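In: Below are the sequence and a predicted model; questions follow.
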Amino acid sequence: MSKPRSLELPPRTRARRLRTARGDFAVLDTAPRGEIRGTALLLPGYTGSKEDFLALLGPLSDAGYRAVAVDGRGQHESAGPRHRGAYTRRALALDVVAQAAALGEGPVHLLGHSFGGLVARAAASLAPEAFRSLTLLSSGPGRVARPQRVRVRALRAALALLSKERVWRTTRWLDSRGEQPGAGDPPEIVLFLRRRWMRTRIVQLAATGRLLNRDPDGTLQLAGLGMPLHIAYGDEETVWPVEELAAAAHRTGARHTVVTGAGHSPNVSHPQELADRLTAFWDLC
């Protein structure tokens, strides 16, 4: 999950519903400033949402790219079924292929942050013709680090036993490491995080958490895609082992970006630098 620092929409951005052959999805759609150089579809991570990319949308737009951040099915403001079978890897990948088609601009640059990278890989494998490139942001083709797997297992177990409100309060307390929940966060951000949590379906959290923890190594799958690849992350990444991310970039021949001083969410902490790295890659595709 990323935590946005501001909820203000960047210039040329509108919140809307994207109608696709697989239903409607909530998106933040940012038009480019000046002549369009390309379109990027941005997929958020586990427990996250389209707002995770708010800080990145403006710099991408300034560089001439249309950037569309999306809530996946059952996530925040996108509706989703109540049964676990609706949240398989294939179902989520088909949603992304439909979203790309609905943008109406031909093949798009696909970026997946964290769990969104898992979905992006599946979508690119399913319909490579729909995408000009694939970027995994703070997301590896291998399994997440053990502490994160333990955290996801604990969250799934808590959701099966406790109310969503109680799980929210507990996770906030744990995140604050015993300090007053929400300490240091502006009130509007705390309200947004709670609203996002309460709107996301429990079945989505349970099913996608299971996928995240059981994701097989997809390095060979990535190497065989035949499209431009980009693996980007912060040098202080904690969810995936950085040495494994570097090895995956080397084995697949992917463009390799390491953002100095960034953790799991360079899209929040270093949006301008990340946008510069992304657009330099996209310009070559």
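Out: Okay, I see it. In this text the structure is predicted, and so the values were computed from the model without any measurement.
In: pLDDT wise, what is the residue nearest in space to the middle of the chain at?
Out: The centroid of the chain falls nearest to Pro44 when counting by CA atoms, centre = their mean (2.1 Å). pLDDT recorded at Pro44 is 98.
In: Could you list the buried residues of the helix or strand of the chain with the lowest mean pLDDT?
Out: Between all helices and strands in the chain, the lowest mean by mean pLDDT, DSSP states H and E belongs to helix 164-175, at a mean of 83. Residues 167-168, 171-172 are the ones in helix 164-175 that count as buried (16 or more other CB atoms under 10 Å). Every C-beta, even on glycine, is put in place using the N, C-alpha and C of the backbone.
In: TSV please, covering those and showing distance to Arg90.
Out: Listed next are the buried residues of helix 164-175 as TSV, based on distance: CB to CB, whole Å:
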residue	distance to Arg90
Val167	28
Trp168	30
Thr171	29
Arg172	33
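In: got the contact list for the nearest residue to Gly234 once chain neighbours are set aside?
Out: Once flanking residues are discounted, Gly234 sits nearest to Ala262: 2.8 Å by CB to CB, 6 or more residues apart in numbering. Applying CB atoms under 8 Å, 6 or more residues apart in numbering to Ala262 gives the contacts 233-237, 269-270, 274.
In: circling back: find the pair from the buried residues of helix 164-175 with maximum spatial separation.
Out: Taking CB to CB as the measure, those reach their widest spread between Val167 and Arg172, a distance of 9.6 Å.
In: In three-state terms, label Leu41 for me.
Out: Per DSSP: H, G, I helix; E, B strand; the rest coil, the local secondary structure of Leu41 is strand.
In: roughly how far apart are it and His76?
Out: Taking CB to CB, to the nearest Å as the measure, Leu41 and His76 are separated by 16 Å.
In: Let me see the confidence value for Glu51.
Out: Looking at Glu51, its pLDDT reads 98.
In: quick one: it and Pro4 touch, right?
Out: Yes: using CB atoms under 8 Å, Glu51 is in contact with Pro4, at 5.0 Å.
In: In terms of neighbours, single out the busier of those two.
Out: Glu51 (26 against 21; other CB atoms under 10 Å).
In: tell me the contacts of that one?
Out: By CB under 8 Å, 6+ apart, the residues touching Glu51 are 4, 7, 28, 69, 76, 192, 196.
In: What's the PyMOL line that selects buried ones from these?
Out: Buried members of these, defined by 16+ other CB under 10 Å, are picked up in PyMOL with:
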select buried, resi 4+28+69+76+192+196
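In: Which of the contacts of Glu51 fall in strands?
Out: Counted as lying in strands by DSSP state E, out of the contacts of Glu51, are 28, 69.
In: so which of the contacts of Glu51 would you say is closest to Ala100?
Out: Nearest to Ala100 among these: Ala69, at 13.4 Å, using CB to CB.
In: Which element, helix or strand, includes Ala207?
Out: Using DSSP states H and E, Ala207 sits within helix 202-214.
In: now for that helix, which elements pack on it?
Out: The helices and strands touching helix 202-214, judged by 3 or more CB pairs under 8 Å, 6 or more residues apart in numbering; DSSP states H and E, are helix 115-126, helix 146-161.
In: looking at these, which is buried most?
Out: helix 115-126 (a mean of 24; mean count of other CB atoms under 10 Å).
In: And the contacts of that one?
Out: Residues from elsewhere that reach helix 115-126 (CB under 8 Å, 6+ apart): 42-46, 48, 72, 89-90, 92-94, 96-97, 100, 110-112, 130-131, 134-141, 208, 211-212, 215, 218, 221-222, 225, 227.
In: Can you flag which of those residues belong to helices?
Out: Using DSSP state H, the members of the contacts of helix 115-126 that fall in helices are 89-90, 92-94, 96-97, 100, 208, 211-212, 221-222.
In: Widest-spaced pair of the residues you listed?
Out: Put simply, by CB to CB the two of the ones in helices among the contacts of helix 115-126 set farthest apart are Ala100 and Leu212, 22.3 Å from each other.
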